[in-house]
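J.: Following is a predicted model, sequence given first.
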Amino acid sequence: MAEVNASPLKHFVTAKKKINGIFEQLGAYVKESTSFLDDTYKNEELDPVTTEEQVLEVRGYLAKVAGIGEVLARRHMKVVFFGRTSNGKSSVINAMLCDKVLPSGIGHTTNCFLRVEGTDGNEAFLLTEGSEDRKSIKVHPGIDVTTELDSWIDKFCQDADVFVLVANSESTLMQTEKSFFHKVNERLSSPNIFILNNRWDASASEPEYMEEVRRQHMDRCSNFLVEELGVVDRAQASDRIFFVSAKEVLQARVQKAQGMPEAGGALAEGFQARMFEFQNFERRFETKFEQHTVRAKQISESLRRIMDSVHVAAQEQRIYCIETKEDRQDRLEFIDKQLDLLTMDCKAKIKKITEEVERQVSNAMSEEIRKLNVLVEDFHMDSTHHQWCSRSIRTSCTVT
C-alpha cells in the first residue's frame with residue numbers, strides 16, 4: 001500500500017510503472033491486431049471482412065502507442081515552464097526545489113533554455129533535500145525574446161510530460177503566450193498544460209477587487225484551455241488553473257529549511273491560501289498521465305469498434321457461407337434425387353424399348369414363318385431356270 005504522506009513524484013513513479021505495463025500490453029495487442037487485419041485484408045476469400053481504411057487506422061495506432069511508450073520509458077518526469085519575461089518562471093522552479101537554484105530577477109535574467117538536472121552517472125536528474133524522487137525540469141528565456149519557438153518546441157518539448165504556463169496575474173493572458181501554446185498544441189497531441197497566475201500576492205493590497213479579478217482570470221484561462229486549445233473540458237479546466245506567489249513560497253520554504261517559521265517575515269495577507277494552492281498545483285502533477293490514459297482509452301475504443309466491425313462482418317460472412325452451404329447442399333440433394341429419378345426413368349424406357357423391339361421382331365418372325373408353307377406351295381420353278389441349273393451342274397462335274 002502506498003504511503004499516506006508519499007510525495008506527488010512518488011505517486012508519479014508508481015503510476016508510471018502501472019501505465020508502462022498497460023501500454024506494453026496495448027502495444028502488443030495493437031501489433032497483433034495490425035498483423036491480423038493485414039492478413040485478413042490480403043485474403044481474397046475474406047474480402048468483405050476488413051477494409052484498407054481499417055488496416056491503415058490500426059497501423060497508425062501502432063506508431064502512436066510506440067511514441068507514447070518512448071515518453072513513458074523515462075524514469076523521471078520532464079516539466080517545461082513557459083511564460084513571458086519576468087513572469088516568474090525561474091522563481092516557480094526555485095520554489096518547487098525549495099532553494100535558489102536558478103537565477104531570478106527583473107528583466108531578461110534567463111537568456112537561454114535551461115535544464116535543471118544533476119547526476120554522477122550517465123543519466124542526469126535532480127535530487128532535492130528530503131526526497132529521493134528524480135526530477136528533470138526545463139525553463140526557457142521567455143517567449144517574447146526569441147524567434148526560434150518552432151525549433152525549440154521540436155528540440156526540447158516533443159517528449160515533455162507537463163507544460164506549465166507562468167502568467168502574470170497583474171495583467172491578462174497575452175497573445176504572445178497564446179500563440180506559443182497554439183504552436184505547442186499543433187505539434188503535440190493534447191499537451192498536458194497547467195496555468196500559474198503568479199504574483200497573486202499583489203491582490204492582497206486590493207481585497208475588494210480580488211474575487212472579481214480572480215474570476216476574470218479564471219474565465220479567460222478556462223476559455224483558452226477549453227475553447228482555443230481544446231485540451232480539457234469545462235469541468236476539468238478549474239483543476240489546471242492556480243493563483244500563487246512563487247516568491248512567497250520560495251521565501252517560506254527557505255526559511256523553513258533554515259529552521260525558521262514558515263510564515264515568518266514580511267508576507268502579505270492570505271499567504272496560507274496561496275501556499276495551499278501552490279501545494280495543490282504540485283500535487284496535480286499526478287494528472288500527468290491523464291492525457292496518455294485518455295489516448296489509450298480512445299485507441300482501445302477505436303480498436304474495439306474496428307474489431308467489433310470485423311467480428312460482425314465475419315459473422316455475416318459465416319452466416320452467408322452457412323446459408324450458401326445449406327442451399328448448395330439442398331441443391332445437391334435435389335440434383336441427386338432428380339438424377340436417380342432420371343436414371344430410373346431411362347432404365348424403364350430402355351427396358352420398354354427392348355421389350356417392344358423383341359415383341360416386334362418376334363411378331364415379324366412368327367408372321368414370316370406362318371407364311372412359309374404358302375410360299376412353298378406357291379413356288380413353281382421356271383423351265384429356263386431349270387435348264388440353266390442343269391447345265392451348271394454338268395459343267396461342274398465335267399471340270400472335276
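T.: Received, thanks. Treat the numbers as computed from the prediction; the structure is a model and nothing was measured.
J.: Dump the helix or strand that contains residue 214 to CSV, restricted to CA.
T.: Using DSSP states H and E, residue 214 sits within helix 207-223. Taking Å, rounded to 0.1, in the frame of the first residue of the first chain, the C-alpha atoms of helix 207-223 are listed here in CSV:
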residue,chain,number,x,y,z
PRO,A,207,-9.1,42.8,-1.3
GLU,A,208,-12.3,44.4,-2.5
TYR,A,209,-11.4,43.5,-6.2
MET,A,210,-9.6,40.2,-5.5
GLU,A,211,-12.6,37.9,-6.2
GLU,A,212,-13.6,39.8,-9.3
VAL,A,213,-10.1,39.7,-10.7
ARG,A,214,-9.7,36.0,-9.9
ARG,A,215,-13.0,35.3,-11.7
GLN,A,216,-11.8,37.2,-14.8
HIS,A,217,-8.5,35.4,-14.9
MET,A,218,-10.3,32.0,-14.4
ASP,A,219,-12.8,32.7,-17.2
ARG,A,220,-10.1,33.8,-19.6
CYS,A,221,-7.7,30.9,-18.8
SER,A,222,-10.6,28.4,-19.0
ASN,A,223,-11.7,29.7,-22.4
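J.: Now do that helix: distance to the chain's middle.
T.: Computed by C-alpha atoms, centre = their mean, to the nearest Å, the chain-centroid distance of helix 207-223 equals 39 Å.
J.: For it, which helices and strands make contact with it?
T.: strand 193-198, helix 234-237, strand 241-243 (3 or more C-beta pairs under 8 Å, 6 or more residues apart in numbering; DSSP states H and E). Every C-beta, even on glycine, is put in place using the N, C-alpha and C of the backbone.
J.: tell me what the last one is packed against?
T.: Using 3+ C-beta pairs under 8 Å, 6+ apart, the elements in contact with strand 241-243 are strand 193-198, helix 207-223, helix 271-283.
J.: ok, then the element right after that strand?
T.: helix 246-257.
J.: Report the mean per-residue pLDDT for that next one.
T.: Mean per-residue pLDDT for helix 246-257: 87.
J.: go on, stretch 14-24?
T.: Here the average pLDDT along stretch 14-24 is 79.
J.: swap in stretch 205-213?
T.: Per-residue scores along stretch 205-213 average to 85.
J.: mind listing what's buried in it?
T.: Of the residues in stretch 205-213, 210, 213 count as buried by neighbour count, 16 or more other C-beta atoms under 10 Å.
J.: Outside of it itself, list whatever touches it.
T.: Stretch 205-213 is contacted from outside by 169, 203, 204, 268, 269, using C-beta atoms under 8 Å, 6 or more residues apart in numbering.
J.: cool, stretch 165-175 as well?
T.: 81-84, 86-89, 92, 144, 177, 181, 193-200, 202-203, 213, 216-217, 220-221, 224, 243, 246.
J.: Now that we have those residues, which of them are buried?
T.: Buried subset of the contacts of stretch 165-175 (neighbour count, 16+ other C-beta under 10 Å): 81-84, 86-89, 92, 177, 181, 193-200, 203, 213, 217, 220-221, 224, 243, 246.
J.: re the thing from before, most widely separated two among the contacts of stretch 205-213?
T.: 169 and 269 (15.6 Å; C-beta to C-beta).
J.: Of these two, give the one with the bigger neighbour count.
T.: residue 169 (21 against 12; other C-beta atoms under 10 Å).
J.: Quickly list what the residue nearest to that one when sequence neighbours are not counted is bridged to.
T.: Take residue 169 and drop its neighbours on the chain: the residue closest to it by C-beta to C-beta, 6 or more residues apart in numbering is residue 197, 3.9 Å away. As for beta bridges, residue 197 partners with residue 167, residue 243 under DSSP bridges.
J.: is it true that residue 197 touches residue 245?
T.: No. Residue 197 is beyond contact range of residue 245, at 9.7 Å (criterion: C-beta atoms under 8 Å).
J.: Doesn't residue 397 lie inside a helix?
T.: Yes. Counting by DSSP: H, G, I helix; E, B strand; the rest coil, residue 397 is part of a helix.
J.: mind checking pLDDT for it?
T.: pLDDT at residue 397 comes out at 70.
J.: same question, residue 226
T.: 92.
J.: where's it relative to residue 157, distance?
T.: 22 Å (C-beta to C-beta, to the nearest Å).
J.: Same check on residue 175?
T.: For residue 175 relative to residue 157 (C-beta to C-beta), the value is 20 Å.
J.: Between those two, point out the one with more neighbours.
T.: residue 157 (21 against 8).
J.: For the more buried one, which non-adjacent residue is closest in space?
T.: Of all residues not flanking residue 157 in the chain, residue 80 sits nearest, at 5.4 Å (C-beta to C-beta, 6+ apart).
J.: tell me which element the one you found is part of?
T.: In this assignment (DSSP H and E), residue 80 forms part of strand 77-82.
J.: can you state the direction angle for that strand and strand 193-198?
T.: 50 degrees (axes from the mean of the first three to the mean of the last three C-alpha atoms, to 10 degrees).
J.: re the thing from before, who are the contact partners of the residue nearest to residue 169?
T.: Here residue 197 is in contact with 167, 168, 169, 217, 221, 241, 242, 243, 244 (C-beta under 8 Å, 6+ apart).
J.: For the protein, name the helix or strand with the lowest mean pLDDT.
T.: When the helices and strands of the chain are scored by mean pLDDT, DSSP states H and E, strand 135-139 comes last with a mean of 55.
J.: any low-confidence regions in this structure?
T.: 1-13, 71, 74-77, 104-156, 158-159, 187-190, 262-268, 285-291, 378-386, 398-400 (pLDDT under 70).
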